[in-house]
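J.: Return a 3D structure for these sequence lines:
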Amino acid sequence: MAGRAVTFSGRVSPGGSRPVVVRIAERKLTAHTQADGSFRVRWRPPRSGTYRARASVAETSSVRSHRLTVNAFRPAEASYYGPGLYGGGLACGGTLSPGKLGVANKTLPCGSRVTLRYHGNTVTVPVIDRGPYAGSREYDLTAATKAKLGFPSTGTVLTTR
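T.: Numbering: from 1, shown residues only. The predicted structure follows:
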C-alpha cells in the first residue's frame, strides 16, 4: 500500500561490510552488508504507482540485481459493465466484447496501463473507455477483467493509478 514501508533484502558474495545501493523512484538508498553478505533497506512509496528497483554493490557496477517491479496500491471504488453494451463502440476506439480486457476511467488517458488487485489476484489492463457515470466509482471493469480478478459486481479494488 502507498505510504507503507517496503523492505528490500538480499545477499552479496563475498560477505563482509560492503556498501550496497538500492535505486528506486529516483532515490538512492544505501546499506552495509552484514558479515554473511546480507543487507536490508526500507523505503516508503510516496504515492500509488509502479516503481522499478535495482540493488548494486557500490564498489563495482558489475555486481547488481535483476530489476524489480514494486506496485504501490491505493483503494478505489469500482463496478463492472458489459452485457447490455456488447457490440458498442468504446471511447478509446474498438468494440466492447465479453473477452475484452480493460477499464473505463473518466480522467486517465486512453491506453494508460492500470494494475488492479482484488483478493490476491492482480491484472494489468489498459484504459479503453470513459466512465463510470454512476455513483462515486473510479473504475468500470469489463467482464473479462472482472473475471480475471474474481471481482463481484461492485466493490473496492486496489489500484496503482
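J.: so where do the strands sit in this structure?
T.: All strands of the chain, identified by DSSP state E, fall at 6-11, 19-24, 27-32, 38-43, 49-57, 68-72, 74-80, 103-104, 113-118, 121-129, 139-141, 154-159.
J.: Of these, flag the one that's most buried.
T.: Across the strands of the chain, averaging neighbours per residue (mean count of other Cβ atoms under 10 Å) puts strand 103-104 on top, at a mean of 28. All C-beta atoms are positioned from the backbone trio N, CA, C, and that covers glycine.
J.: Quickly run through the sheet partners of it, with directions.
T.: Applying DSSP bridges, strand 103-104 is found paired with strand 121-129 (parallel), strand 139-141 (antiparallel).
J.: Let's test this: mean pLDDT of it, rounded?
T.: Summarised as a single mean, pLDDT over strand 103-104 is 96.
J.: same check, this time on stretch 56-69
T.: pLDDT averaged over stretch 56-69 gives 75.
J.: For the strands paired with strand 103-104, give me CSV that also has distance to A2.
T.: Output for the strands paired with strand 103-104, formatted as CSV (distance: least, Cβ to Cβ, whole Å):
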stretch, distance to A2
strand 121-129, 16
strand 139-141, 17
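J.: contacting residues for the residue positioned nearest the centre of the chain?
T.: Geometric centre of the chain, nearest residue: N71, 3.5 Å, by Cα atoms, centre = their mean. By Cβ atoms under 8 Å, 6 or more residues apart in numbering, the contact set of N71 is 49-51, 115, 117, 122, 160.
J.: and if we set it to 7 Å?
T.: N71 makes contacts with 50, 115, 160, as judged by Cβ atoms under 7 Å, 6 or more residues apart in numbering.
J.: where does this structure dip in pLDDT?
T.: In the predicted model, the chain carries pLDDT under 70 at residues 60-64.
J.: before we move on, the earlier item: wait, which of the strands of the chain is closest to G88?
T.: strand 121-129 (9.6 Å; Cβ to Cβ).
J.: Contacts made by the closest one with the rest, please.
T.: With Cβ under 7 Å, 6+ apart as the test, strand 121-129 has contacts from 90-92, 94, 100-105, 108-116, 145, 148-150.
J.: Need the buried ones from those residues selected in PyMOL.
T.: Entered in PyMOL, the line below selects the buried ones among the contacts of strand 121-129, by 16 or more other Cβ atoms under 10 Å:
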select buried, resi 90+92+100+101+102+103+104+105+108+114+115+116+145+148+149
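J.: So V157 sits against E77, correct?
T.: No. Applying Cβ atoms under 7 Å, one finds V157 not in contact with E77, separated by 8.1 Å.
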